[in-house]
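Participant: model the following, please.
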Amino acid sequence: MGEWSMWANEQAFLSGILMVMGGIVGLFDFDGFGFAVYTLAAGVFIVVLEYPRGIRKKGSTVQRKFQHILHPVMCRLEPVSTNYFVRFVFYLLISIPCIFQLPTILGGVSIFVAGLIYLKAALGGESWACQTKSNVSRAKTRTNRPPEAPPPRPPAQTGQNNGGFADIQLEAANGH
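Facilitator: Below you'll find the model as predicted:
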């Protein structure tokens, strides 16, 4: 059994971006202006909610840039933000109004799929955990130094052999 919460986090984050883009497109020259505004606001909320990553079981979590700004907020909303069943129901309910306008359908279906992945993670016993400085370890980037010695070369061949091809005398084409 794998860790489904990381997949759900990425899916929901990208779904929020799709919802924002669909909401912006839906504001212009489409019927259902209210659905576009709703999808735009919900997309922004989902992007903010899903931006911080939780801790993986293996401990090899790679944080997103500037995650430390939103992370304390997620830790304070702990009963709601850590339970994946709550996120499943929330995303299921959020996705329903998104299917009533053409530009917002893709974001609505995508957030529904993210909710299903969160349901799979919740059924597997996973939950969002706050990161502390002690349990986050980032691999140090190593810089490679230039080589100190040239690469090995094959031994030089003796004689006049133009690149390993033998000199072949060609006869004239007319048979003489």
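Participant: quick check: what element follows the helix of greatest length in the chain along the chain?
Facilitator: In the chain, assigned by DSSP state H, the helix with the most residues is helix 4-26. Following helix 4-26 in sequence order, the next helix or strand is helix 33-50 (DSSP states H and E).
Participant: what residues sit buried inside that following helix?
Facilitator: 35-36, 38-40, 42-43, 46-47, 49-50 (16 or more other CB atoms under 10 Å). C-betas here are computed from N, CA, C, even on glycine.
Participant: which is the next helix or strand following that helix?
Facilitator: That would be, after helix 33-50 and using DSSP H and E, helix 67-76.
Participant: and that next one, what does it pack onto?
Facilitator: In this structure, helix 67-76 makes packing contacts with no helix or strand, judged by 3 or more CB pairs under 8 Å, 6 or more residues apart in numbering; DSSP states H and E.
Participant: angle of it against helix 33-50?
Facilitator: Interaxial angle of helix 67-76 relative to helix 33-50 (axes from the mean of the first three to the mean of the last three CA atoms, to 10 degrees): 100 degrees.
Participant: list the buried residues in helix 67-76.
Facilitator: Within helix 67-76, the residues scored as buried using 16+ other CB under 10 Å are 67, 71, 74-75.
Participant: before we move on, back to that, can I get the buried residues of helix 33-50 in a markdown table with distance to T82 and pLDDT?
Facilitator: Below are the buried residues of helix 33-50 laid out as a markdown table (distance: CB to CB, whole Å; pLDDT from 0 to 100):
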| residue | distance to T82 | pLDDT |
| --- | --- | --- |
| F35 | 30 | 92 |
| A36 | 31 | 92 |
| Y38 | 26 | 94 |
| T39 | 26 | 93 |
| L40 | 27 | 94 |
| A42 | 21 | 95 |
| G43 | 22 | 94 |
| I46 | 16 | 92 |
| V47 | 19 | 89 |
| L49 | 12 | 85 |
| E50 | 13 | 84 |
